[in-house]
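S.K.: Test case, fold it:
(chains A and B)
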Amino acid sequence: MQIRDKKDFVSGLLLVVLGAGALLVVRNYRMGTAYRMGPGYFPVVLSLLLITVGIIIVGLAFRSAEVKFPNLAWRPLIIVSAAVILFGLILKGAGLALTTLVMVVASRIARPGYRWVETVVLGVVISVACAGIFYFGLGIQMPLLPSW
Amino acid sequence: MDLLQNLSLGFSVALTLKNILYCFFGTAIGTLVGVLPGIGTPSTVALLLPLTYGLDPTTALIMLAGIYYGAQYGCSTTSILINVPGEPSGVITVLDGYQMARQGRAGEALLVSAVGSLFGGCVATVVVAAFGPVLVNVALKFSAAEYFSLMVLGLSAAVVLARGSVIKAIGMVFLGLLLSLAGTDVTSGTRRFTFGVVELYDGLDFVVVAMGILGITELIVNLEETEEQRESFTKSMKGMGIWRLSREEFGRAWPASVRGTVIGSALGILPGGGALLSSFASYTIEKKLAKEPERFGRGAIEGVAGPESANNAGAQTSFIPMLTLGIPSNVVMALMIGALMMHNIQPGPEVMTKNPNLFWGLVASMWVGNFMLVILNLPLIGIWIKLLTVKYRLLYPAILAVCCIGVYTVTNSGTNVLLMGVFGAFGYVLVKLQFEPAPLLLAFVLGPMMEENLRRAMTISRGSPAVFVTRPISLVLLAVAAFLLLAVLVPSIAKRREKTF
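M.R.: Predicted structure coming up:
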């Protein structure tokens, strides 16, 4: 037996892990009966179904044609999600203007070779535009300037 | 006449200055994202969803709907002039539209697609107005068992119509349902999957999941491609040609447009249907009916008129299941349901009886929007094309900023922005593993309703699952769902299916 479709093997494994994880969390909830379902009933059924589907996908991966594991673009993946998470973390303290500037500059690291001047100018322009549209224009409730 | 009365109510809502203005915003933004390849309609609707929070629900829906059908217009422009579909549903228009442009008939192709879309859109809106109330009357008789079976059917259709592996799409449905259960259980008050995070007590916000998995993921995927690939699109533009049709071409175009409208109106209603399927079906039929099918792919005007009418008609009628049953037929409709829920309107048959302004106002606005699109967009095509030259490296940080601010405003919490980032990364992994995000998102919207109706149906039947097969409507719905799934799980059909999409 040999894993032929590496992409599907990992895909199935991912579903099994997610399903098993959900089952671990859900086991503390009351099951109830089919007549009076508790909060655990539906999620337990779903977790088991998810695990089953995952196992089927893993099984099929042994029988299908040869498929390599896809290349992940780690740089944009990490930089973009990190920039978004950073935005969520610092907005309350740093205010809209500075947070947007920092986020834009951070997100531009996602691709190599961008000019720094362009990045900073772009950051300032987007930051000013967002403050203008969302804070002053739409009157959205959020801090504009740093609170420290 | 009931219908006329209802429509006049609708127009009195749709023709207020405010609603006309937002309808214009929606259609203009829709056209823009339709024109730009790489920015999808679902992610744009997700992006603007939080910003409609301050509007009243009718205006919000009018604008969001405008984005959806506006994008159907916009994508034909890119398909015809640039040989790249601005949206997935424009794939078919590329085949003959771009060939027409290469022959110096771009003007004719654009004209035919605009007028065809207008015709398809207007007729389909009549279908929505006429068919909606009928379906509502049926739906009002539904009990919990029928609702549950209907949702099973909706999700099965989503699985069948997802591209790629069927079994993986089924996995996405179960994962979406599980994710939707996070938060406080309504019946018992138990907190599920909250991990002690206060923001999760009310559940995962749909906007957060949708913007992460659609918007942020799309952005990462785009950044993965090299810049040159994206920019070369704009270099192949040709002259526009003349802006009128010869009698012969008109004679070919209008029957195709009528057929496309009928096909689109019918397919749009089906759960999982909508614009893409409609334009594909229309093209296949036009090619079959043509006396010289070899003209197709070489600039046949029917190949533009039919699919363009069909995709716009399908876009309009896909509102029917959402407005009448509360069941989304595609991701954009799922987002519309999210918008309704954000305004505390429970989607379902009660929308029409409790909020007639909303239902009829939205229907009427579709006419207004369709006319606005033709009048405003034909002269503006030059500007849309200019916009194609805006570099993505300048665009994406701005999109990212709007995403973050938008999600923050939903509940004024940084935690939601953080979660969006996590879902964006997760969505990228899913895309790389060739999981389709659409079934996950549809399941996420339907999950809580599904659990609720399952519980109720089982309580009424005293724990006997037979209730789902002894009630005739429920049985039919489940049988159709089973048939759909079996049809694609039979390998020979599955293979053919991969070819068609």
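S.K.: What sits closest to residue B:447 if chain neighbours are left out?
M.R.: Nearest residue to residue B:447 in three dimensions, chain neighbours excluded: residue B:180, at 2.8 Å (CB to CB, 6 or more residues apart in numbering or on different chains). C-beta here means a position set from N, CA and C on the backbone, and glycine is covered the same way.
S.K.: gap between residue B:296 and chain A?
M.R.: Between residue B:296 and chain A the computed distance is 32 Å (CB to the nearest CB, to the nearest Å).
S.K.: where exactly do the strands run in chain B?
M.R.: In chain B, the segments counted as strands under DSSP state E are B:183-184, B:191-192.
S.K.: Same list (those) but as CSV, adding mean neighbour count, distance to residue B:224 and mean pLDDT.
M.R.: Shown next, in CSV, are the strands of chain B (neighbours: other CB atoms under 10 Å in any protein chain shown; distance: least, CB to CB, whole Å; pLDDT from 0 to 100):
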stretch, mean neighbour count, distance to residue B:224, mean pLDDT
strand B:183-184, 16, 33, 86
strand B:191-192, 20, 35, 88
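S.K.: Contacts only, for the residue nearest to residue B:447.
M.R.: Going by CB atoms under 8 Å, 6 or more residues apart in numbering or on different chains, residue B:180 touches B:203, B:204, B:443, B:444, B:445, B:446, B:447, B:448.
S.K.: ok, residue A:105 - contacts?
M.R.: Residue A:105 neighbours (CB under 8 Å, 6+ apart): A:119, A:120, A:123.
S.K.: actually residue B:110, not the one I typed
M.R.: Neighbours of residue B:110 in contact, by CB under 8 Å, 6+ apart: B:76, B:77, B:80, B:81, B:240, B:378, B:381.
S.K.: pLDDT score for it?
M.R.: As predicted, residue B:110 sits at a pLDDT of 84.
S.K.: how far away is it from chain A?
M.R.: Distance, residue B:110 to chain A, by CB to the nearest CB: 32 Å.
S.K.: Could you give the number of residues near residue 43?
M.R.: In the absence of a named chain, chain A is used. By other CB atoms under 10 Å in any protein chain shown, the residues close to residue A:43 number 24.
S.K.: that's the other chain; I wanted chain B
M.R.: When neighbours are counted by other CB under 10 Å, residue B:43 comes out with 24.
S.K.: Give me the residue ranges of the stretch 101-250 of chain B where confidence is low.
M.R.: B:226-244 (pLDDT under 70).
S.K.: what's the most distant pair in the contacts of residue B:110?
M.R.: Largest separation among these by CB to CB: B:76 and B:240, giving 14.2 Å.
S.K.: Please say which of these two ends up with more neighbours.
M.R.: Set residue B:76 next to residue B:240 and count neighbours by other CB under 10 Å: residue B:76 wins out with 34 against 18.
S.K.: just checking, that one touches residue B:308?
M.R.: Yes - applying CB atoms under 8 Å, one finds residue B:76 in contact with residue B:308, separated by 5.5 Å.
S.K.: so what sits against both of these two?
M.R.: Shared between the contact lists of residue B:76 and residue B:308 (criterion: CB under 8 Å, 6+ apart) are residues B:93, B:113, B:117.
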